[in-house]
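*Asks:* Fold the following and give me the result.
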Amino acid sequence: MNRSGGTEARARICAVVPAYNHWRELPSILERLRAAGLTVYVIDDGSGTAAAAAIAALHDPAGGVEVHRLPVNQGKGAAVSHGFALAWDAGFSHAAQVDADGQHDLDALPDLLAASASRPEALISGHPIYDASIPRGRRIGRWVTHVWVWIETLSLQISDSMCGFRVYPLMAVRALLARAAVGTRMDFDTEIMVRLFRAGVPVAMVPVRVIYPPENTSNFRLLADNWLITRMHTRLMLEMPAWLLTRRIRDGNRGGDHAFARPPHWSGLGERGAWLGLWLSAWTARLLGRRGCLVLLAPVVLWFMLAGRAQRHASRQFLTRATGREPSTWMVYRHFMSFAARALDAFRAWTGRIPVAAVIVGDPALLAAMRANPAGAVMVVAHIGNVELARASLDSDLQERMTILVHTRHAVNYNRLLRTYHPDMARNLMQVTDIGPETAIALKERAEQGGWIVLAGDRTPVGGGGRTARVSFLGKDAAFALGPWIVASLLRCPVYLLSCMDTGNGTWRVDLEKFADAIVLPRADRDGALRGYAARYAARLEALAREAPLQWYNFFDFWAR
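*Replies:* Model prediction:
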């Protein structure tokens, strides 16, 4: 019989239900599984006398239900593996694992089966959607495990590794269990999922509602099972170098892994954070505060550093030029952590968790003069420090005066998160990929009404066709956009440089500096004048970069041609 799992053979799916002293919900679970046309293998994992009798009474081979008993409790993983062996011997190609405690909403079963039918080579797993019944300790514990799994797989594809509601491709499982020892108790669900993923088995997640009934009895042993799970994560981390080497060889044989042969443009790097992960980070920040959230984010950031070859290379390249020495891996990691802290602090600022007194204006007289002046202005910012925090700390009148030119399509989820908590953060944002005549007219109208036009001076145009000049930056020529100075000349406004730097002691310093009363571009040497402004700006940016190199957030090859 062909059980390869390929589309050329029709999949045969059964169900495996491990049970240890859970029997009250079993009749209704079996009824739903049989209604879906599944043969069911119930594995009694050494239940007590009363529960064993109740489970044994459900044995009905003619009705498609077989009960098999393990005389001694061996653990959930051992019970599920025993069921897999029975299913394989009976000629099934796939097995749906369903826990016996009744926590999973079986209305999602058709979705799991349909996903498996469309992708027979994949492991299909439920992604739990919890209600208010989940204990807080369980929620936090699961989140910690998710973080470790993201690190161990260098991927966010496994959004939940602990859900016991899945459809397994048995050939892949059989091959894995023949060569690797997988945990036999509460460490089973996570470990087999990570190992299958590492073996190249695709993973697909299907939403499923999960409840914690008040009368439900948990088989989780707080100390013993947490120790097993800790040992499992330790094993998986220790095996990572060998896995990465194997994957590198495999990808090389496929002719891949040449994605960074040419340095990517900053706008093409894309957002490296899923909506769920960002939302959970925000939730953690509100629950545990800044320090607690950063502790939990530390392994996530490590994963991003390990998985982001282009970003890691860019960090090392920049830090070498900014500090004059080759950075250690620890310094590169601190650079990534600084970026995570920047995003977290911007979120905290927009949600009112950073006091106004913590944001110190370096020249309050200049800001007061700008506030009193009804004329418009151009503010040039850069991806260094935390200008978003400075904007969030301004009063609503000053926020209203700002029009911010942005390109946020590579950070959709992060900005969506901020809008969820503070809809005003999106106020006066103008999405631009290039400044054409219509955009220039709109900006001129806003400047004439006293608006402050805010745009970045450290990134080249998105489309690659805009005007740039190569000027010295940290000892080597780099491309700087000329757009900010062209816009400022058209608007006939004074130009200011705005930065907001983390001082490291719980405060931020906002510096506002007048760059020019006006940008003048003489016809006789327009290009030379533009290049001069770009060079002056690069020099000021270089001073900031040398002062606080870990607050530089351009994670791409800044000097690429």
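
*Asks:* rest of the way, CA atoms for contacts and neighbours
*Replies:* Fine.

*Asks:* can you map out the helices along the stretch 251-400 of the chain?
*Replies:* 275-307, 309-323, 329-350, 364-372, 387-393, 396-401 (DSSP state H, counting those that start in this stretch).

*Asks:* CA atoms only: put the last one into PDB for me.
*Replies:* Presented in PDB, the C-alpha positions along helix 396-401 are these (Å, rounded to 0.1, in the frame of the first residue of the first chain):
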ATOM      1  CA  SER A 396      -1.500  67.300  20.900                       C
ATOM      2  CA  ASP A 397      -1.100  70.800  19.500                       C
ATOM      3  CA  LEU A 398       2.500  70.200  18.400                       C
ATOM      4  CA  GLN A 399       1.600  66.700  17.100                       C
ATOM      5  CA  GLU A 400      -1.100  68.300  15.000                       C
ATOM      6  CA  ARG A 401       1.400  70.700  13.400                       C
END
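
*Asks:* so how far is it off the chain centroid?
*Replies:* Helix 396-401 sits 32 Å away from the centroid of its parent chain (Cα atoms, centre = their mean, to the nearest Å).

*Asks:* That helix - what's its average pLDDT?
*Replies:* The pLDDT scores in helix 396-401 average 86.

*Asks:* What of the fourth one?
*Replies:* Averaged across helix 364-372, the pLDDT comes to 93.

*Asks:* and residue 123, which of the helices of the stretch 251-400 of the chain is closest to it?
*Replies:* Residue 123 lies closest to helix 275-307 among the helices of the stretch 251-400 of the chain, at 20.5 Å (Cα to Cα).

*Asks:* check contacts around the closest residue to residue 387 other than its chain neighbours.
*Replies:* Once flanking residues are discounted, residue 387 sits nearest to residue 500: 5.1 Å by Cα to Cα, 6 or more residues apart in numbering. Applying Cα atoms under 8 Å, 6 or more residues apart in numbering to residue 500 gives the contacts 385-387, 389-390, 508-511.

*Asks:* a markdown table please, covering the helices of the stretch 251-400 of the chain and showing mean neighbour count and distance to residue 460.
*Replies:* Listed next are the helices of the stretch 251-400 of the chain as a markdown table, based on neighbours: other Cα atoms under 10 Å; distance: least, Cα to Cα, whole Å:
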| stretch | mean neighbour count | distance to residue 460 |
| --- | --- | --- |
| helix 275-307 | 17 | 24 |
| helix 309-323 | 19 | 16 |
| helix 329-350 | 20 | 21 |
| helix 364-372 | 12 | 28 |
| helix 387-393 | 21 | 19 |
| helix 396-401 | 14 | 25 |
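
*Asks:* need those helices in CSV with distance to residue 557, can you?
*Replies:* Output for the helices of the stretch 251-400 of the chain, formatted as CSV (distance: least, Cα to Cα, whole Å):
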stretch, distance to residue 557
helix 275-307, 15
helix 309-323, 5
helix 329-350, 15
helix 364-372, 34
helix 387-393, 22
helix 396-401, 32
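
*Asks:* Out of the ones you listed, flag the one nearest residue 87.
*Replies:* Relative to residue 87, the nearest member of these by Cα to Cα is helix 275-307, separated by 34.9 Å.

*Asks:* All the strands of the stretch 151-300 of the chain, residue numbers only.
*Replies:* Counting by DSSP state E, counting those that start in this stretch, the stretch 151-300 of the chain has strands at residues 165-169, 203-210.

*Asks:* now, of the ones you listed, which is deepest in the fold?
*Replies:* strand 165-169 (a mean of 26; mean count of other Cα atoms under 10 Å).

*Asks:* Pass me the low-pLDDT residue ranges in this protein, would you?
*Replies:* For the chain, the stretches with pLDDT under 70 are 1-10, 131-142, 212-226, 247-287, 406-437, 462-466.

*Asks:* any idea how this structure splits into domains?
*Replies:* Listed domain ranges for the chain are 13-246, 263-561 (source: automatic domain parsing).

*Asks:* In three-state terms, label the residue nearest to residue 387 for me.
*Replies:* strand (DSSP: H, G, I helix; E, B strand; the rest coil).

*Asks:* okay, now the residue lying closest to residue 460 once chain neighbours are set aside: neighbour count?
*Replies:* The shortest distance from residue 460 to any non-neighbouring residue, by Cα to Cα, 6+ apart, is to residue 481 (4.8 Å). Residue 481 has 22 neighbouring residues, counting by other Cα atoms under 10 Å.

*Asks:* Could you do the one 10 residues further on as well?
*Replies:* For residue 491, the number of neighbouring residues by other Cα under 10 Å comes to 23.

*Asks:* And for residue 28?
*Replies:* By the criterion of other Cα under 10 Å, residue 28 has 12 neighbours.

*Asks:* Could you say which helix or strand holds it?
*Replies:* Per DSSP states H and E, residue 28 falls inside helix 26-35.

*Asks:* Which other helices and strands does that helix contact?
*Replies:* Counting contacts by 3 or more Cα pairs under 8 Å, 6 or more residues apart in numbering; DSSP states H and E, helix 26-35 packs against strand 40-45.
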